[in-house]
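Chemist: Whatever this is, show me its structure:
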Amino acid sequence: MSFIIENPYYRATPSQNLPDLFCDNPLPNLDEFIGSKQDKLIIFEPWEADIPGPVMKSGKTVIECITDQLKNIDTKNVTFITPNLDCNSVPFADKVLHYPYHFLDIQKKQDNLTGMTFARKKHFCSFNGAIKHKRIKFIKFCEEHDLIKDNYVSLVGTYDHGFKTDEKVNLYTLDKSADEVRADDKSVPLDIMKDSFLNIINETHEDEHVFFTEKTWKPILNFQIFLYYGVSDPSRYYEELQNMGFQLYTEIIDYNNDPLQELLKFTKLTISEIQQKISPSKLMNNRRLAESINCNDIKTSLLYGKSI
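Modeler: Numbers count the residues shown, from 1 in each chain. Have a look, this model is predicted:
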């Protein structure tokens, strides 16, 4: 039997300043593990994929703090479970396992569209909360090509996450204000989703690792084509989705092309052309596959299965 510590990244009161979001004790119940006489420790972090993690109040990253806390624990007795699909090693654990379905589990419990319709008026939608470099570039591209007024595009400016820029960027709201997004970013804007064909996904992390949040699962669960922009290597995201069994919409999207240019090309299609090119079977199969993934069974197997 293993001792499980969950959610080490979240140990403090949320704040708009990232260094204040985390305290310096990501494993507060470590003493309980030491006193339990159990020889195996599992650190299960389903919410955050940032490795080595943000800088905490001590000036150390989350991973550095965890490593310090576990300095007297043999690494062969520690397993780290992360949603970061590109993380295969950490200094405090000999075994790293992956659980990319936490946000899928959350989104499946939301109110999603019950049926598929092609009676849509807008080419695409894109929901953006925090201001980040690539999201600024995306907004400026949409402004330059006059794409915002005829589509659903937001940049509400929620958490700044320590982000600094001298660039001026215009903010846009759709169904929710910044405060409303901070309070609930998981609910699905059904009217917008069912009225647009393509979802431009600017995922949470702009760096190199693959981390699926609600931004990925919302379009899959709501019969939308998807296209990644705000990540360093979209091909890695497509690769992992295909490894899970999801299909890409190659009949209408060239996923090898620059995503902004591909978006521009897509918006030049008429609604009728999109309706003719789109594959209803792929949209339905992707939705059904997402619904069929038993997140709890996978989680239970990781935490209590023989792989530990």
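Chemist: what are the ranges of the helices in the stretch 201-308 of the chain?
Modeler: Taking DSSP state H, counting those that start in this stretch, the helices of the stretch 201-308 of the chain run over residues 214-221, 234-244, 259-267, 271-277, 280-292, 295-304.
Chemist: Pull out the buried positions in stretch 257-266.
Modeler: 259-260, 262-263, 266 (16 or more other Cβ atoms under 10 Å). Glycine gets a C-beta too; all of them are placed from N, C-alpha and C.
Chemist: can you put the residues you listed in CSV and add distance to residue 193 and pLDDT?
Modeler: Below are these laid out as CSV (distance: Cβ to Cβ, whole Å; pLDDT from 0 to 100):
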residue, distance to residue 193, pLDDT
259, 20, 97
260, 22, 97
262, 20, 98
263, 17, 98
266, 17, 98
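Chemist: What is the nearest of these to residue 198?
Modeler: Nearest to residue 198 among those is residue 266, at 5.9 Å by Cβ to Cβ.
Chemist: for the closest one, what are its contacts?
Modeler: Contacts for residue 266 were tallied using Cβ atoms under 8 Å, 6 or more residues apart in numbering; they are 123-124, 198, 227, 252-253, 274.
Chemist: Name all residues that make contact with residue 235.
Modeler: 255-256.
Chemist: Quick one: mean pLDDT over stretch 114-131.
Modeler: Across stretch 114-131, pLDDT averages out at 93.
Chemist: buried ones in it?
Modeler: Burial within stretch 114-131, assessed by neighbour count using 16+ other Cβ under 10 Å, is assigned to 120, 122-131.
Chemist: mind checking the end-to-end distance for that stretch?
Modeler: This stretch, stretch 114-131, spans 32 Å end to end (Cα to Cα, to the nearest Å).
Chemist: Show me which pair in the contacts of residue 266 is furthest apart.
Modeler: Most distant of these, by Cβ to Cβ, are 227 and 274, 13.3 Å apart.
Chemist: In terms of neighbours, single out the busier of the two.
Modeler: Applying other Cβ atoms under 10 Å to residue 227 and residue 274 shows that residue 227 carries more neighbours, namely 25 against 18.
Chemist: rewinding a little: return the member of the buried residues of stretch 114-131 nearest to residue 293.
Modeler: Closest to residue 293, out of all of those and judged by Cβ to Cβ, is residue 127, at 22.6 Å.
Chemist: from memory the closest one sits against residue 186, does it?
Modeler: No. At 11.4 Å, residue 127 and residue 186 do not qualify as touching, with contact defined as Cβ atoms under 8 Å.
Chemist: that older thread, which ones among the contacts of residue 266 lie within strands?
Modeler: Residues of the contacts of residue 266 located in strands (DSSP state E): 123-124, 198, 227.
Chemist: can I get the residues you listed in TSV with distance to residue 143?
Modeler: Formatted as TSV, these follow (distance: Cβ to Cβ, whole Å):
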residue	distance to residue 143
123	16
124	15
198	18
227	19
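Chemist: Residue 171: which of those residues is nearest?
Modeler: Closest to residue 171, out of all of those and judged by Cβ to Cβ, is residue 124, at 18.8 Å.
Chemist: What sits closest to that closest one if chain neighbours are left out?
Modeler: If the residues on either side of it in the chain are set aside, residue 124 comes closest to residue 198, at 3.9 Å by Cβ to Cβ, 6 or more residues apart in numbering.
Chemist: burial of residue 284, as a residue count?
Modeler: Residue 284 has 13 neighbouring residues, counting by other Cβ under 10 Å.
Chemist: wait, doesn't it sit right on residue 116?
Modeler: Yes. Using Cβ under 8 Å, residue 284 makes contact with residue 116 at a distance of 6.4 Å.
Chemist: Spell out which residues are contacts of both of those two.
Modeler: residue 223.
Chemist: buried residues in stretch 139-155?
Modeler: For stretch 139-155, the neighbour count (16+ other Cβ under 10 Å) marks 139, 141-142, 147-148, 151-155 as buried.
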